[in-house]
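# here's my sequence, what's the structure:
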Amino acid sequence: MAVLDRVKASGEIEADAFPQVVERISFFVNAGIRFVEECCKLRAFGQMWEQLALTRYQVEEPKLRRFRYGVQVNSLGLTEAQPENNVQRIVLEMLSVVLSKGSRARAIQLPAWNEAMGLPRPWDQQWALRIQQVMALETDLLEYGDILDGSPVIAAKVAELVEGASKEIANVEAQGGIIAAIESGYIKRELVGSHMSRLRAIESGDLKIIGVNCFQETAQSPLTMGSDGGIMKADPEAEREQIERLQAHRSKRDNVEVRAALQGLTDAANSGENIMPSSIRCALAGVTTGEWGDTLRAVFGEFRPPTGIDIAIDSRVVLGKMDQVTDLRTRVADTGSALGRPLKLLVGKPGLDGHSNGAEQVAVKARDVGFEVVYDGIRLTRSKLRKQHKRKVCIWLVCRFSQAATCNWSSLSCRKCACAI
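The predicted structure is shown next:
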């Protein structure tokens, strides 16, 4: 809505062409394990988008009001424990977004069974692809209309979801719109708080996760018995080879044209012009992504979004594993008193990966047990983290992976994340 409102207000698009702009909007949606609710969620999305396109943007052609979306099924719900169970989780989550013809996903991205453990190998990725192909080509799903139409249970749940989503849209608009809600930290706090509630429910046993907090007995899985542990192991030479390729690329390009292209990009960014033509010139000149990004950062600066970990936690209420949390609070407080200062924990997740759930939950849990937490978000370099560590006198916790759902807090080490203190 914020994007379309701004495009419409800019006057750059003629009124009769604006419906085509609405048509081109597409969404990237996540699908979870609550099967019936997920089916209804996408039907609710479709109903709301069609109504919005008709009433807010006056799109008369029904075809242009279609809710276009792709799906990634929920990697967050995959587990390292008994990872073979992830296959049925993935299948069920995919089925929820293809079952209803009227709200069927246009594109689906499935994780591999072992993504809670590490990076998938080519064979693992092929398995995920074959799941989609069997669904599309071997079942009869595509031969029928919408098999959920007419169900009073589905209709009631869709109506409930539409009502709740409409209230949340109104809440965000009352805050000044989605951009204001992002900048204030409201959106991120809601996301972090929701995930925190889920993890606390898993820790307490209220939310059952097979293999994690129930039915933990298991035979050894043949999927993880190989020398690689069932995940892709990166070639240690890959970094060196990539650096050599980059250096060779830079040595062969016309550096005069590179400098001119980057200056053109700088000029366009400073003037407010469309940066696409100058970006294309940069690409043709052989400018690297890093050089392009650094040039724009020099003009616009770098946006560091709110982390969301400043959610209110009632310290009187013990969440999750009560005995461990209570004991840790006492030990953290006693240690701080002995040192004459509060214990601080620096949480960092270097690299370009965009998943922040793990680092956020480590930070929130550390606050819950009494630490003062230093966390400035993801995509920081190791050198920046080291500077923070020296400046703030912190214990240093580096999260290497994104999913930090199973942590042994009594020893301040995270087996799921492979965190190192």
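
# C-alpha from now on. contacts and neighbour counts both.
Will do.

# sec struct for residue 59, please.
Here residue 59 takes the coil state, with states given by DSSP: H, G, I helix; E, B strand; the rest coil.

# residues touching it, list them.
19, 22, 53, 65 (C-alpha atoms under 8 Å, 6 or more residues apart in numbering).

# distance of the nearest residue to the last one once chain neighbours are set aside relative to residue 56?
What it means is residue 65. Spatial nearest neighbour of residue 65, excluding adjacent residues (C-alpha to C-alpha, 6 or more residues apart in numbering): residue 50 at 5.1 Å. Computed as C-alpha to C-alpha, to the nearest Å, the residue 50 to residue 56 distance reads 10 Å.

# between these two, which one's more packed in?
Each of residue 50 and residue 56 has its neighbours counted (other C-alpha atoms under 10 Å); residue 50 has more, 18 against 12.

# return the residues in contact with that one.
Residue 50 neighbours (C-alpha under 8 Å, 6+ apart): 65-67.

# quick check, nearest of those to residue 225?
residue 67 (43.8 Å; C-alpha to C-alpha).

# so that closest one sits against residue 51, correct?
No - here residue 67 lies out of contact with residue 51, judged by C-alpha atoms under 8 Å, at a distance of 10.4 Å.

# returning to what we had before: now that we have the contacts of residue 59, which one has the most neighbours?
Using other C-alpha under 10 Å as the neighbour test, the contacts of residue 59 are led by residue 65, with 25 neighbours.

# could you pull up phi and psi at that residue?
phi -100, psi 10 (degrees, to the nearest 10).

# that one and residue 38: what is the separation?
Distance, residue 65 to residue 38, by C-alpha to C-alpha: 21 Å.

# check residue 218 too.
From residue 218 across to residue 38, the span is 30 Å (C-alpha to C-alpha).

# between those two, who's got more neighbours?
Higher neighbour count among residue 218 and residue 38: residue 38, with 20 against 9, using other C-alpha under 10 Å.

# of the contacts of residue 59, closest to residue 356?
Closest to residue 356, out of all of the contacts of residue 59 and judged by C-alpha to C-alpha, is residue 22, at 30.6 Å.

# moving C-terminal of the strand or helix carrying residue 38, what's the next helix or strand?
Element membership of residue 38, judged by DSSP states H and E, is helix 35-55. The helix or strand immediately downstream of helix 35-55 is strand 69-73, counting by DSSP H and E.

# what sits up against the following helix or strand past that following strand?
Using DSSP H and E, the helix or strand that directly follows strand 69-73 along the chain is helix 85-96. With contact meaning C-alpha under 8 Å, 6+ apart, helix 85-96 is reached by 31-36, 38-39, 73-74, 78-79, 108, 110-114, 131, 210.

# which elements pack onto the helix or strand where residue 361 lies?
Assigned by DSSP H and E, residue 361 falls within helix 357-368. Applying 3 or more C-alpha pairs under 8 Å, 6 or more residues apart in numbering; DSSP states H and E, we find helix 357-368 packed against helix 186-204, strand 344-350, strand 372-374.

# list the strands paired with the second one, with their directions.
Sheet partners assigned to strand 344-350 using DSSP bridges are listed as strand 372-374 (parallel), strand 378-380 (parallel), strand 395-398 (parallel).

# coming back round to it: how far away is the residue nearest to residue 65 from residue 149?
Taken as C-alpha to C-alpha, the span from residue 50 to residue 149 is 17 Å.

# do the same with residue 302
Distance from residue 302 to residue 149, by C-alpha to C-alpha: 48 Å.

# can you check residue 64 too?
Between residue 64 and residue 149 the computed distance is 22 Å (C-alpha to C-alpha).

# give me the more crowded residue out of these two.
When neighbours are counted by other C-alpha under 10 Å, residue 64 comes out ahead of the other of residue 64 and residue 149, with 19 against 12.

# chain neighbours aside, what residue packs nearest to the more buried one?
Using C-alpha to C-alpha, 6+ apart, the closest residue to residue 64 is residue 23 (4.7 Å).

# ditto for residue 131
Spatial nearest neighbour of residue 131, chain neighbours left out: residue 91 (7.2 Å); criterion: C-alpha to C-alpha, 6+ apart.
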